[in-house]
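K.L.:
dropping the sequence and predicted coords here.
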Amino acid sequence: MTPAVGKERALNADGSSLRRDFADRSELIAYVRARFPEAADVSEHIAETRGGRRAALRRLEQVEPPRYAQTRNHLNGSVTHLSPYLRHGCLTLAEVRDAALNAASDPREAVTLIRELAWRDYFQRVYAEIGDGVWNDREPSHTGVGEEAYSDEVPEDVTQAGTGLACMDAFSSQLTETGYLHNHARLWMAAYLIHWRRVRWQAGARWFLSHLLDGDPASNNLSWQWVAGTFSQKPYVFNRENLEHFSGGEYCARCALSEDGCPFAATVEDLQGILFPDAPGDRFS
Amino acid sequence: MNDHRAANTVVWVHGDGLSPTNPALIAFPDAPAIFVFDDMLLHAYQLSLKRIVFLYECLLELPVDIRRGDVFDHLIAFARENDATRLVTTLSPAPRFRQLVEQLSVEIVVTVLDVPSLVDYDGQPDLRRFSRYWRDVQHAALKPTAPDGTDEFVR
């Protein structure tokens, strides 16, 4: 693991520099665990995803804009996995855009991917404008649910993957073990926490930031707000049909609550009625 | 950037710019460079071990001195160790970054370089909703970067 660029520098006089010479990844991990014990207390899992621009460029070569456009909403779709690298500047949005245009036989094939890149640019611009305001509701949610109904903590059965819902438990484990969740799974998990479990979106956003390799307060918090309905026309609600379709049915097939007790088994309209009984008028119709 | 004299300069790499193509590292290839794990953010965001390892792997590809603690204190100490009168970094939208630049500017000359943008848009796009923003910028966003578009200038 020698640095790709520049020369090694000696440790500074008071020894406050951290080490750069590691024989392999396991040595690096052991060192980081020792030097950041409180991070290991949060969660000891290590992601398979490697950091660095070299890993980012290898990922970038695999981007297939037309397949991305067709399959990106499916959990097994051809998504790019570039978000941790974009979040930390290993790649720029412009570089990914240019690569997508190069990889497409017609520029129109790359529009869907570039539009998703633009979401990140959009959130960054909003962040530059409002700063720590990303932690506050951008606007009222119009759900008719009072502030006092929401909890400040993500319930332990969710963080410990013990809800009994095969989908949510799988997403929780994946988040904490790999530092990655497909975008659709993020939306389902966020909606479940905010609307079904009545957890303040800020608590869910903090949980995600701890674990997501791409976690940043701009994209993360503003997406949670989009689900909550505090940065959109209406709160985001999904149903079982939607989750089953885009997950290929894998969770419902093995879920103990599949036949009886699935809280998502209804039409979106009916769920809105159940979740937001006091929403003003025909707000969500 | 035509001023490549590094004698009085140190480079501050932060968590939004972990690439050997970071404009500050490119503009000042011979200047000592530093990254500081920000104790305040580590605590505030309760970053888990996998996030730190990912960041660390990014850092090992960069010619930076890696430290941990109070960012302001480390940056000032690093500048003094290297007899620097100027600190160069790259722009970030994070409020913590803005606050640090403000504090640092009292002690040392701070130069913030821009980073390449997705959209070369003349003006301020409408940020009220993504749909409005996209309507404003999509034409620019769908254009490839111009061959000479280094987008590099000093703020």
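P.N.:
Received the coordinates, thanks. What you are looking at is a predicted structure, and each value in this text was computed from that prediction instead of being measured.
K.L.:
C-alpha only now, for contacts and for neighbours.
P.N.:
Fine.
K.L.:
how about chain B: which residue is closest to chain A?
P.N.:
Chain A sits closest to B:C58 of chain B, with a gap of 3.8 Å, by CA to the nearest CA.
K.L.:
hang on, isn't that residue packed against A:G51?
P.N.:
Yes. When contacts are counted by CA atoms under 8 Å, B:C58 is listed as touching A:G51 (4.8 Å).
K.L.:
mind telling me what element the residue of chain B closest to chain A is part of?
P.N.:
helix B:49-59 (DSSP states H and E).
K.L.:
got the CA coordinates for stretch B:82-96 in CSV?
P.N.:
Extracted as CSV, the C-alpha positions of stretch B:82-96 are listed here (Å, rounded to 0.1, in the frame of the first residue of the first chain):
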residue,chain,number,x,y,z
ASN,B,82,6.6,24.4,7.3
ASP,B,83,7.2,28.2,7.6
ALA,B,84,4.2,28.8,5.5
THR,B,85,2.3,32.0,5.2
ARG,B,86,-0.4,30.7,2.9
LEU,B,87,-2.8,27.8,3.0
VAL,B,88,-4.5,26.6,-0.2
THR,B,89,-7.6,24.4,-0.2
THR,B,90,-10.6,23.6,-2.4
LEU,B,91,-14.2,24.8,-2.0
SER,B,92,-16.7,22.8,0.0
PRO,B,93,-20.4,23.7,0.6
ALA,B,94,-20.2,22.4,4.2
PRO,B,95,-20.9,25.0,6.9
ARG,B,96,-18.0,23.6,9.0
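K.L.:
ok, back up a step: what does the next helix or strand after the helix holding B:C58 contact?
P.N.:
Counting by DSSP H and E, the next helix or strand C-terminal to helix B:49-59 is strand B:65-69. With contact meaning CA atoms under 8 Å, 6 or more residues apart in numbering or on different chains, strand B:65-69 is reached by A:9, A:16-20, B:32-40, B:59, B:74.
K.L.:
in strand B:65-69, what counts as buried?
P.N.:
B:D65, B:I66, B:R67, B:R68 (16 or more other CA atoms under 10 Å in any protein chain shown).
K.L.:
rounded mean pLDDT for it, please.
P.N.:
In this model, strand B:65-69 has an average pLDDT of 98.
K.L.:
what stretches of chain B score poorly on pLDDT?
P.N.:
Along chain B, the parts satisfying pLDDT under 70 run over B:1-6, B:148-155.
K.L.:
middle-most residue in it, spatially?
P.N.:
When CA atoms, centre = their mean is applied to chain B, the residue found nearest the centroid is B:T90 (3.0 Å).
K.L.:
quick one: contacts for that residue?
P.N.:
B:T90 neighbours (CA under 8 Å, 6+ apart): B:V13, B:G17, B:N22, B:P23, B:A24, B:V112, B:L113, B:D114, B:V115.
K.L.:
excluding its backbone neighbours, what's nearest it?
P.N.:
Of all residues not flanking B:T90 in the chain, B:L113 sits nearest, at 4.6 Å (CA to CA, 6 or more residues apart in numbering or on different chains).
K.L.:
what's the burial count for that neighbour?
P.N.:
21 (other CA atoms under 10 Å in any protein chain shown).
K.L.:
partner residues bridging it?
P.N.:
B:T90, B:V154 (DSSP bridges).
K.L.:
does B:V110 belong to a helix, a strand or coil?
P.N.:
At B:V110 the chain is in strand, as set by DSSP: H, G, I helix; E, B strand; the rest coil.
K.L.:
residue ranges for the strands of chain B, please.
P.N.:
In chain B, the strands defined using DSSP state E lie at B:9-12, B:33-38, B:65-69, B:86-90, B:109-113.
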